[in-house]
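**Q** no letters, just coordinates:
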C-alpha cells in the first residue's frame, strides 16, 4: 500500500472533510471541526503575553507594605 492510500484510508475511517469557505479552511472529522483563517489578517504571528510574575515597575501604582 502506498502512503497516499494509507492517508485516504485514515480519511475515510475518521470521516475527514476539508472545504474552503470565505477565505478560511474548514477541516471536519467525526470528532469535531477546526477553522483556519487564511486571510491576511489571520496570517500574523501571535504576540507573546507578558509574564504574570513580572516585578512591578516604579510609578505603576503598586504599593509596598
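**A** Arrived safely. Everything quoted here is computed from the prediction, not taken from an experiment.
**Q** switch to C-alpha atoms for all contacts and neighbour counts from now on
**A** Fine.
**Q** ok, residues contacting the one helix or strand residue 12 maps to?
**A** Assigned by DSSP states H and E, residue 12 belongs to helix 3-14. Applying CA atoms under 8 Å, 6 or more residues apart in numbering, the contact partners of helix 3-14 are 17, 29-31.
**Q** neighbour-wise, which of those leads?
**A** Highest neighbour count within these, by other CA atoms under 10 Å: residue 29, with 15 neighbours.
**Q** which residues touch it?
**A** 14-17.
**Q** what about 6 Å?
**A** 14-16 (CA atoms under 6 Å, 6 or more residues apart in numbering).
**Q** can you pull the phi/psi pair for residue 30?
**A** phi -60, psi -20 (degrees, to the nearest 10).
**Q** that one and residue 8, how far apart?
**A** Here the criterion is CA to CA, to the nearest Å. By it, residue 30 lies 15 Å from residue 8.
**Q** what does residue 22 give?
**A** 26 Å.
**Q** turn the contacts of helix 3-14 into CSV, including secondary structure.
**A** Shown next, in CSV, are the contacts of helix 3-14 (DSSP: H, G, I helix; E, B strand; the rest coil):
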residue, secondary structure
17, strand
29, strand
30, coil
31, coil
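**Q** which of the residues you listed sits closest to residue 37?
**A** residue 17 (16.4 Å; CA to CA).
**Q** now the strands for the protein?
**A** Along the chain, counting by DSSP state E, strands occupy 17-21, 24-29, 32-37.
**Q** contacts for the last one next, please.
**A** Contacts of strand 32-37 with the rest of the structure, by CA under 6 Å, 6+ apart, involve 24-27.
**Q** what about burial for these, which qualify?
**A** Among the contacts of strand 32-37, those classed as buried by 16 or more other CA atoms under 10 Å are 25-26.
**Q** will you turn the contacts of strand 32-37 into CSV that also has pLDDT and distance to residue 4?
**A** Listed next are the contacts of strand 32-37 as CSV, based on pLDDT from 0 to 100; distance: CA to CA, whole Å:
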residue, pLDDT, distance to residue 4
24, 88, 25
25, 90, 21
26, 91, 21
27, 91, 18
